[in-house]
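> Structure, please.
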Amino acid sequence: MTRVLLLHPGAMGSSLGHNLVENGHEVFWISEGRSETTEARATQASLTRTGCLADAITQVEVVLSVCPPENAIQVGCTIAETDFSGTYCDANAIAPATSQRILDVFGDRYVDGGIVGPPAHVHGHTRLYLSGSNAQQISDLFRSTRVQTEVLVNGPLTASAMKMCYAAYTKGTAALILGIRALAEHYGVSSALQAEWSQSQNTLWDRSERMGPGTSRKAWRFAPEMREIAKTFNGADLPSGFHEAAAEIYSRMASLKYKEDVDTTLVLHYLLARNDTDS
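A predicted model of the protein is given here:
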């Protein structure tokens, strides 16, 4: 049994934690400053509650960070400031350059990770890419679980690079299509676009109708992820402007996280700034 500290049990993190618990490991979470929703997730996932970081960090051999990408460096530095001497795995959607900053803090104790797919509730849909000196250690924790792990051996930061490449297409093209829908709405050619797509791109209109509602509750965290992807393109001396624009698309949708019954019409209003997005 390995004792793991999970930071933090959101929808994805709690699912990873639950898989670890089912695999015979003990997974701790920190209740200090967390919401009732987070507590409910942690309880449902059978995670072990601890009050604060100081209580948890002395009990674990592994720390697994699953948080919004803009918090990844801060979370890593907070752990580094403790007496923790085990393996630190960052599984966030961050650029290799961002991951490098955390690697610089932990050295060989750092494992770079990238998650592809939904929360790990069923087999065959969630993959955790890992790279770094201790990548196999993290992979072994998930053996025989619903989380499929892939250890990448061609560099310590390749897991983050893989995640960025994958999300650049999936979430990036979703932003592009939503932007096109907003553009057509602005110029009054939505009906004409629908008719054309029905002939030449026969599934695209229906796909676009699902994209707005499907991303509305997650856009707040997609925006910083797009900026990490743009940073990744910059790091390869490739144009990054598309994903900077995708970040703006998702930023305009961010407060839809709190809205009920979101439909495409509402999403397009937010993208076109036709209403007060804080209302």
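
> Any chance you could list what contacts the host helix or strand of Val105?
Using DSSP states H and E, Val105 sits in helix 96-106. For helix 96-106, the external contacting residues (C-beta atoms under 8 Å, 6 or more residues apart in numbering) are 69, 72-73, 76-77, 80, 88, 90, 110, 112, 132, 156-158, 160-161, 164, 228, 231-232, 235. Quick note: C-beta positions are derived from backbone N, CA and C, even for glycine.

> go on, stretch 121-139?
15-16, 62, 64, 87, 89, 91, 103, 108-120, 142, 146-153, 155-160, 162-163.

> One more pass at 7 Å, please.
Stretch 121-139 is contacted by residues 15, 87, 89, 91, 108-118, 120, 142, 146-152, 155-159, 162-163 when judged by C-beta atoms under 7 Å, 6 or more residues apart in numbering.

> Out of the residues you listed, which sit inside strands?
Mapping the contacts of stretch 121-139 onto strands (DSSP state E) picks out 87, 89, 110-116, 147-151.

> Make a ChimeraX selection of the buried ones in the contacts of helix 96-106.
With 16 or more other C-beta atoms under 10 Å as the criterion, this ChimeraX line picks the buried residues out of the contacts of helix 96-106:
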select :69,72,73,76,88,90,110,112,132,156,157,158,160,161,164,228,231,232,235
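
> Narrow the contacts of helix 96-106 to those in helices?
Among the contacts of helix 96-106, DSSP state H puts 72-73, 76-77, 80, 158, 160-161, 164, 228, 231-232, 235 in helices.

> returning to that earlier point: just the buried members of the contacts of stretch 121-139?
15, 87, 89, 91, 109-116, 120, 142, 146-149, 151-152, 156-159, 162-163.

> ok, back up a step: show me which residues of the helix holding Val105 are buried.
Pro96, Thr98, Ser99, Gln100, Ile102, Leu103, Phe106.

> what about the strands in the chain?
Counting by DSSP E, the strands of the chain are 3-7, 26-30, 48-50, 62-65, 87-90, 110-116, 126-131, 147-151.

> Let me have the ones you listed in CSV, extended by mean pLDDT.
Putting the strands of the chain into CSV (pLDDT from 0 to 100) gives the following:
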stretch, mean pLDDT
strand 3-7, 98
strand 26-30, 97
strand 48-50, 96
strand 62-65, 98
strand 87-90, 98
strand 110-116, 98
strand 126-131, 98
strand 147-151, 98
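
> closest one to Ala195 among the ones you listed?
For the strands of the chain, proximity to Ala195 was assessed by C-beta to C-beta; strand 110-116 is nearest, at 35.1 Å.

> Would you give the sheet partners of that closest one, along with the direction of each?
strand 87-90 (parallel), strand 126-131 (antiparallel) (DSSP bridges).

> Need the contact partners of that strand.
Contacts of strand 110-116 (C-beta under 7 Å, 6+ apart): 12, 87-91, 93, 99, 102-103, 126-132, 134-135, 138, 156-157, 159-160, 162-163, 166.

> Stretch 114-133 spans what distance, first to last residue?
Its start and end residues considered, stretch 114-133 measures 15 Å (C-alpha to C-alpha, to the nearest Å).

> chain center to that stretch: distance?
Computed by C-alpha atoms, centre = their mean, to the nearest Å, the chain-centroid distance of stretch 114-133 equals 11 Å.

> can you check stretch 66-75 too?
With C-alpha atoms, centre = their mean, you get 10 Å for stretch 66-75.

> I'd like the average pLDDT over that stretch.
Summarised as a single mean, pLDDT over stretch 66-75 is 97.

> Format the CA atom coordinates belonging to it as CSV.
What follows is stretch 66-75, C-alpha atoms only, in CSV (Å, rounded to 0.1, in the frame of the first residue of the first chain):
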residue,chain,number,x,y,z
VAL,A,66,-4.8,17.7,-10.1
CYS,A,67,-5.8,21.4,-10.1
PRO,A,68,-6.6,24.2,-12.5
PRO,A,69,-3.5,24.9,-14.6
GLU,A,70,-3.0,28.4,-13.4
ASN,A,71,-2.5,27.0,-9.8
ALA,A,72,0.0,24.3,-10.7
ILE,A,73,3.2,26.2,-9.9
GLN,A,74,1.8,27.6,-6.6
VAL,A,75,0.6,24.2,-5.5
